[in-house]
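Asks: heads up, no residue letters with this:
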């Protein structure tokens with residue numbers, strides 16, 4: 001198994017440049033100028049009801065911003081339809097559905113194309129059929145941007161006292177859109193964006209597979225069911241408190257956090273989603289600073305190990321700097337803490353908030369191999385981490401490319 005992992009790590013991302021060249025070559029389309037047209041040039045209202053009872057509750061569809069139009073039972077595990085669905089609207093492949101209900105990101109509803117099997121939707125939804133001027137999947141991409149769909153619907157929709165949408169189905173089609181009128185050009189654009197979606201999905205699948213492989217490696221390497229050739233000595237039982245010092249960061253009062261200053265103040269959120277920084281001019285004992293390459297551990301609600309990559313900072317309360325003894329290799333220590341984090345999360349199934357204390361961490365037991373085996377294990381897992389990070393970077397680039405394409409294609 002380890003040999004297989006090493007082979008994967010040696011694999012070069014040889015198809016990436018060709019894939020990007022192919023996508024970019026299709027972006028530069030020679031085209032006639034697109035005219036602004038009313039949406040009713042491309043769509044018309046569909047009033048077909050389920051009168052013949054061809055469809056039942058098992059055919060009710062849900063419309064999701066994330067997943068599109070999908071079977072309600074498949075998406076949510078059950079049908080929420082009433083006792084009769086004979087007045088539900090029929091949605092065929094290629095039809096467009098508008099949800100007359102506010103959502104957090106889309107306060108005026110969403111517009112989606114049915115790319116899956118036919119079904120029915122509640123009378124709360126508006127259904128539209130494509131005119132002969134439209135290849136309907138392009139509508140999905142045109143309204144994929146939250147900003148674009150909100151800007152389009154806002155002037156057309158009035159909200160009632162109960163926050164419902166006061167808009168006639170036909171009135172939704174009265175806004176202007178900028179979509180090519182030539183079907184062949186619509187198909188070319190959809191083909192390009194479909195390829196990009198598939199590339200994004202495949203890249204996400206690779207990340208998921210690598211993360212699962214990493215979890216398996218962590219478990220099997222640390223329980224010693226897998227060992228590298230040439231290592232057979234028993235691992236020594238130790239306490240983490242014997243191997244490392246956990247130095248807590250400084251607690252700041254709000255008025256001590258400055259908008260600018262000599263030292264950035266590293267807080268837990270800066271490791272995850274918070275890109276706002278505070279600063280300090282305080283001169284503190286050296287143990288309260290973190291420099292590039294230091295091993296840190298966030299121990300509050302969002303917890304886990306990190307190698308700091310950045311300038312010299314003062315690390316805040318809820319972060320430990322982990323000062324390691326010589327017999328405890330940093331890369332191995334990082335992976336031990338990561339394996340321990342996974343174990344703790346699995347033991348709670350996410351049902352309770354985990355609080356890691358310094359006392360508990362110092363008393364935690366560890367089986368420690370010799371320094372050379374630590375280095376071998378740490379090096380392998382670091383290479384897996386780098387592969388995951390590189391694949392994640394590729395995914396981010398693809399998602400950014402799609403974002404710009406959606407902006408620039410539909411000006």
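Replies: All right, it came through fine. Being a predicted model, the structure only gives us computed values, none of them experimental. Residues are numbered from 1 along each chain as shown.
Asks: Only C-alpha atoms from now on, for both contacts and neighbour counts.
Replies: OK.
Asks: How about residue 167, nearest residue that isn't a chain neighbour?
Replies: Nearest non-adjacent residue to residue 167, counting by Cα to Cα, 6 or more residues apart in numbering: residue 157, 5.5 Å away.
Asks: Run a quick check on the one you found versus residue 108, I expect a contact.
Replies: Yes - the pair residue 157 / residue 108 is scored as a contact, 6.8 Å apart, by Cα atoms under 8 Å.
Asks: To what extent is the residue nearest to residue 167 buried, counted in neighbours?
Replies: A count of nearby residues for residue 157, using other Cα atoms under 10 Å, gives 19.
Asks: mind listing what it touches?
Replies: The contact partners of residue 157, taken as Cα atoms under 8 Å, 6 or more residues apart in numbering, are 108, 165-167, 172.
Asks: just for this structure, where's the confidence low?
Replies: 1-32, 159-164, 349-353 (pLDDT under 70).
Asks: Would you state the helices of the stretch 51-200 of the chain in chain order?
Replies: Along the stretch 51-200 of the chain, counting by DSSP state H, counting those that start in this stretch, helices occupy 72-76, 137-142, 146-153, 183-222.
Asks: looking at those, which is closest to residue 323?
Replies: Residue 323 lies closest to helix 183-222 among these, at 21.5 Å (Cα to Cα).
Asks: residues of that closest one that come out buried?
Replies: Of the residues in helix 183-222, 185-187, 189-190, 192-193, 196, 199-200, 203-204, 206-207, 210, 214, 217-219, 221-222 count as buried by neighbour count, 16 or more other Cα atoms under 10 Å.
Asks: mind listing the helices for the stretch 301-411 of the chain?
Replies: 330-348, 358-363, 371-409.
Asks: circling back to that earlier point, just name the closest of the contacts of residue 157 to residue 339, please.
Replies: residue 108 (44.5 Å).
Asks: quick one: the closest one and residue 151 touch, right?
Replies: No - judged on Cα under 8 Å, residue 108 makes no contact with residue 151 at a distance of 9.2 Å.
Asks: Between these two, which has more neighbouring residues?
Replies: More neighbours surround residue 108 than the other of residue 108 and residue 151, with 27 against 13 (other Cα under 10 Å).
Asks: Let me see the contact set for the more buried one.
Replies: Contacts of residue 108 by Cα under 8 Å, 6+ apart are 100-102, 150, 153-154, 157, 165.
Asks: repeat for residue 260
Replies: Per Cα under 8 Å, 6+ apart, neighbours of residue 260: 278-280.
Asks: ok, now with 6 Å
Replies: residue 279 (Cα atoms under 6 Å, 6 or more residues apart in numbering).
Asks: Surely it is in a helix?
Replies: No - with DSSP: H, G, I helix; E, B strand; the rest coil as the criterion, residue 260 is coil rather than part of a helix.
Asks: For it, give me phi and psi.
Replies: Main-chain torsions, residue 260, degrees, to the nearest 10: phi -150, psi 160.
Asks: Could you measure from it over to residue 272?
Replies: 21 Å (Cα to Cα, to the nearest Å).
Asks: cool, residue 298 as well?
Replies: 11 Å.
Asks: who has more neighbours, these two?
Replies: residue 298 (22 against 9).
Asks: and residue 267, how many neighbours does it have?
Replies: Neighbours of residue 267 (other Cα under 10 Å): 21.
Asks: Could you pull up phi and psi at it?
Replies: In terms of degrees, to the nearest 10, the main-chain angles of residue 267 are phi -110, psi 170.
Asks: That one: what's it in contact with?
Replies: Contacts were defined as Cα under 6 Å, 6+ apart; by that measure residue 267 touches residue 316.
Asks: Excluding covalently adjacent residues, which one is nearest to residue 71?
Replies: Nearest one to residue 71, counting by Cα to Cα, 6+ apart, is residue 61 at 4.4 Å.
Asks: I misspoke; the intended subject was residue 322.
Replies: Leaving aside its chain neighbours, residue 322 sits nearest to residue 246 (4.9 Å; criterion: Cα to Cα, 6+ apart).
Asks: Surely that neighbour is in a strand?
Replies: Yes - assessed with three-state DSSP, residue 246 lies in a strand.
Asks: Contacts only, for it.
Replies: Residue 246 neighbours (Cα under 6 Å, 6+ apart): 320-322.
Asks: change it to 10 Å
Replies: 240, 296-297, 319-324, 358-359, 361-362 (Cα atoms under 10 Å, 6 or more residues apart in numbering).
Asks: And for residue 112?
Replies: With contacts defined as Cα under 10 Å, 6+ apart, residue 112 is in contact with 63-65, 67-69, 94-99, 127, 136-137, 139-144.
Asks: Just the buried residues of these.
Replies: Applying 16+ other Cα under 10 Å to the contacts of residue 112, the neighbour count classes 63, 68-69, 94-99, 127, 136-137, 139-144 as buried.
Asks: Next one: the residue nearest the centre of the chain from residue 210, what distance?
Replies: By Cα atoms, centre = their mean, the chain has its centre lying nearest to residue 204, at 8.9 Å. Going from residue 204 to residue 210 by Cα to Cα gives 10 Å.
Asks: Identify the contacts common to these two.
Replies: residue 391.
Asks: circling back to that earlier point, can you redo the helices of the stretch 51-200 of the chain as TSV with distance to residue 376?
Replies: Below are the helices of the stretch 51-200 of the chain laid out as TSV (distance: least, Cα to Cα, whole Å):
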stretch	distance to residue 376
helix 72-76	44
helix 137-142	48
helix 146-153	47
helix 183-222	11
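Asks: This completes my enquiry, with thanks.
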